[in-house]
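> Curious how this folds, go ahead:
(3 chains)
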Amino acid sequence: MSGGRLSRVPRSAPSIAHVDLDAFFAAVEQRDKPSLRGKPVIVGGIGPRGVVSTASYEARAFGIASAMPTGQARQRCPHAAYLYPRFGAYRKASQQIMAALAEFTPLIEPLSLDEAFLDLAAGVDPVTSAEQAHEVALRIKARIFEVTGGLTASAGIGSSKLMAKIASDLDKPSGLVVVDAGAEQAVLDPLPVRRLPGVGPATAERLRRAGVTTIADIRRMDDAELVSLLGTSAGRALARLAVADDNRGLSVDRAAKSVSVEDTYDRDVTDPTVLGRRLEELAARVCARLRDAGLSGRTVTTKVRLYDFTTLSRSTTLTDPTDDVRVLAPAARRLLVDVDTSGGVRLLGVAVSGLADWVQDDLFVDAADALAEQERMSRDKLASGGGDPVAAPDAHADAAAGDDTDVTAAAGTGPKDRSFADRFPGRQHPGWNAGQDVWHRALGPGWVWGSGVGRVTVRFETAETGPGPIRTFRSDDEALAPFEPWAEITRSDDRSPEDAAAPA
DNA sequence: TCTGGGGTCCTAGGACCC
DNA sequence: TCTGGGGTCCTAGGACCC
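Down below sits the predicted model:
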């Protein structure tokens, strides 16, 4: 939803590309260790409960595929090299690849470390024919090979995302397929339904039972039938894809919606003390990642996979977003109390979602300490009748009422009445949803900024106390009444500017 | 040597509000 | 007195993708 939809499709020329590296993780390993070249390489979990992440083409010849248990792979191909993933190396290669792609067009939608859509109509020399598309794709593949030191990619180009994605898969590895405008249906018809994005094992099985195995079969069904078989959303989507009706635009800069960490243990864990400790480790890792990304979130989810593979989740939504392990860990542990773990636990996970639109990073150096200090000072102030701007908004209603409409320009007279850019030079606005600025303004003796989905997340800063505690209100909370224009803004922030501008 | 880890999106029911 | 809807938020689970 966030991230602008761009570049209208479908098109009269194939100008959307899908680029996908071949056996990416395994290829990086073979690149970095020449003795592995030409040999079966399997990257993935190497413990007793591991699964294959990526198999080199040499390993695929032995029938090894992604998601296969590593134990099974070892039986089929005992002499392969089994490697634990080196994500740092893959991330680095990914950055080189994405940078190379950016030389061809500014409109790129990354899908994962090794995969992206490109809009070649928006490039330096816009593609307007299948011949040009083919020529540009050759250059992209060569450039990737060059910047990564020898990795190969497959490319597909078509008039839509669907066709580009389908095409890139038709001739792996190191393939290049252009589906010209008008040829879409002929390409799709004979393919198995499983090739359509969104059709996984469960959907394929349902379709099979209805006698549907190819895309042409789907096309012959009527929409009502598909909807009754697969549900409204999936049914309608499939009906459209089957006739190559796909006008999805590329979206750049998609914001993260959740951050999670999970571990499968080599042996089931039963000891409640150990479970608690594991959960705390997971919470700490999630918090570290949140802080690295400048994020915090309100909804905490604990995931449990039991000895028999049944998987449960329990979640709770906190009043304030957090990236603090002292908040997250106890919350995660409380959720586990509810679950019968006596039979043994094979996996634990902790996730944070409902991410808030504010950044706690080096803007507030050593934020935890600053926060604790601020809380203490707020209490002192409160005790001495000074009041806190959020806890007692009425005390500052005059300041807000005096300047009640311009919420982004922070017009005013006080020394702190400056725009975000003035106040934090060189720093990006922490707001990302729909390109909406985080609102911010001087407020009485303090400074406040933040925003949220249906929530107003604020942080106060005063000259004396520095950054204050984070507080969150529902946007209709009456405590916010004096600041109504802000609450109004945050109610609509889940929509892109285009959506907001479009008639309902 | 049965079944990873990081995500996204959808559904469905209940609470709550207007 | 009966009978509503719509909308949002929250939780749990499932399908899917790489």
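
> number of nearby residues for residue A:33?
Neighbourhood size, residue A:33 [other Cβ atoms under 10 Å]: 13. In this view, the C-beta of every residue, glycine as well, is placed from N, C-alpha and C.

> Run a quick neighbour tally on the closest residue to residue A:11 other than its chain neighbours.
Excluding the flanking residues, the one nearest residue A:11 by Cβ to Cβ, 6 or more residues apart in numbering is residue A:159, at 4.7 Å. Neighbours of residue A:159 under the rule other Cβ under 10 Å: 25.

> Looks like residue A:159 contacts residue A:14 (just checking).
Yes - at 5.3 Å, residue A:159 and residue A:14 qualify as touching, with contact defined as Cβ atoms under 8 Å.

> coming back round to it: list the contacts for the residue nearest to residue A:11?
Applying Cβ atoms under 8 Å, 6 or more residues apart in numbering, one finds that residue A:159 lies in contact with A:9, A:10, A:11, A:12, A:13, A:14, A:15, A:16, A:179, A:181, A:184, A:244.

> Where does the fourth one sit: helix, strand or coil?
In this case it means residue A:12. State at residue A:12, reduced to three classes by DSSP: H, G, I helix; E, B strand; the rest coil: coil.

> Okay, it and DNA strand C: tell me how far apart.
Using Cβ to the nearest atom of the strand, to the nearest Å, we find residue A:12 at a distance of 26 Å from DNA strand C.

> from memory that residue sits against residue A:181, does it?
Yes - using Cβ under 8 Å, residue A:12 is in contact with residue A:181, at 5.4 Å.

> For residue A:86, give its distance to residue A:24.
Remark: distance between residue A:86 and residue A:24 (Cβ to Cβ, to the nearest Å) = 12 Å.

> the more surrounded of these two?
For residue A:86 versus residue A:24, neighbours defined as other Cβ under 10 Å are more numerous around residue A:24 (24 against 14).

> That one - nearest residue in space that isn't next to it in sequence?
residue A:114 (3.8 Å).

> Quick one: residues contacting the one you found.
Residue A:114 touches A:20, A:21, A:24, A:90, A:94, A:97, counting by Cβ under 8 Å, 6+ apart.

> I'd like to know which of those residues is nearest to residue A:257.
residue A:94 (20.3 Å; Cβ to Cβ).

> mean confidence score for the helix or strand containing the closest one?
Residue A:94 belongs to helix A:87-102 when assigned by DSSP states H and E. In this model, helix A:87-102 has a mean pLDDT of 97.

> Let me know whether it sits next to DNA strand B.
No - between helix A:87-102 and DNA strand B, judged by Cβ under 7 Å from any atom of the strand, nothing touches; the nearest distance is 8.9 Å.

> wait, is residue A:335 part of a helix?
Yes - counting by three-state DSSP, residue A:335 is located in a helix.

> Next, find the distance separating it from DNA strand B.
For residue A:335, the distance to DNA strand B - Cβ to the nearest atom of the strand - is 16 Å.

> got a list of what that residue touches?
A:300, A:301, A:302, A:314, A:315, A:316.

> try 7 Å this time
Going by Cβ atoms under 7 Å, 6 or more residues apart in numbering, residue A:335 touches A:302, A:314, A:315, A:316.

> Can you select the buried ones among the residues you listed for me in PyMOL?
Selecting only the buried entries of the contacts of residue A:335 in PyMOL, with 16 or more other Cβ atoms under 10 Å as the criterion:
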select buried, chain A and resi 302+314+315
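
> Which ones among the contacts of residue A:335 lie within strands?
Of the contacts of residue A:335, the ones assigned to strands by DSSP state E are A:302, A:314, A:315, A:316.

> which residues in the stretch 251-400 of chain A form helices?
A:272-293, A:325-337, A:367-383, A:397-401 (DSSP state H, counting those that start in this stretch).

> Could you tell me the least trusted of these?
helix A:397-401 (a mean of 29).

> how far does stretch A:114-130 stretch from start to finish?
From its first residue to its last, stretch A:114-130 covers 24 Å (Cα to Cα, to the nearest Å).

> Is any residue of that stretch near DNA strand C?
Yes - for a cut-off given as Cβ under 7 Å from any atom of the strand, stretch A:114-130 has contacts with DNA strand C, namely A:114, A:115.

> Kindly provide the whole-number mean pLDDT of the helix or strand harbouring residue A:186.
For residue A:186, the host element (DSSP H and E) is helix A:184-188. Taken as a whole, helix A:184-188 has an average pLDDT of 97.

> Can you tell me the SS state at the closest residue to residue A:168 other than its chain neighbours?
Distances taken as Cβ to Cβ, 6+ apart place residue A:156 nearest to residue A:168, at 3.0 Å, with adjacent residues excluded. The three-state label given to residue A:156 by three-state DSSP is strand.

> who's in contact with residue A:156?
A:17, A:18, A:164, A:165, A:166, A:167, A:168, A:169, A:170, A:177.

> If we use 6 Å, what do you get?
A:18, A:164, A:167, A:168, A:177 (Cβ atoms under 6 Å, 6 or more residues apart in numbering).

> partners of it in the sheet?
Following DSSP bridges, residue A:156 is listed with bridge partners residue A:18, residue A:177.

> how far away is it from DNA strand C?
12 Å.

> Quick one, grab the pLDDT at that residue.
You'll see residue A:156 listed with a pLDDT of 98.

> Tell me how far it lies from residue A:113.
18 Å.

> Up against DNA strand B, what does chain A have?
A:1, A:44-45, A:48-51, A:53, A:66-67, A:69, A:71-72, A:74-75, A:231-234, A:256-264, A:289, A:308-309, A:346-347, A:349, A:351, A:353.

> If we use 6 Å, what do you get?
When proximity is defined as Cβ under 6 Å from any atom of the strand, chain A approaches DNA strand B at A:45, A:48-51, A:53, A:66-67, A:69, A:71, A:74, A:231-233, A:256-264, A:309, A:347.

> Just the buried ones among those residues, please.
If we count by 16+ other Cβ under 10 Å, the residues of chain A next to DNA strand B have these buried: A:45, A:50, A:53, A:74, A:259, A:261, A:264, A:347.
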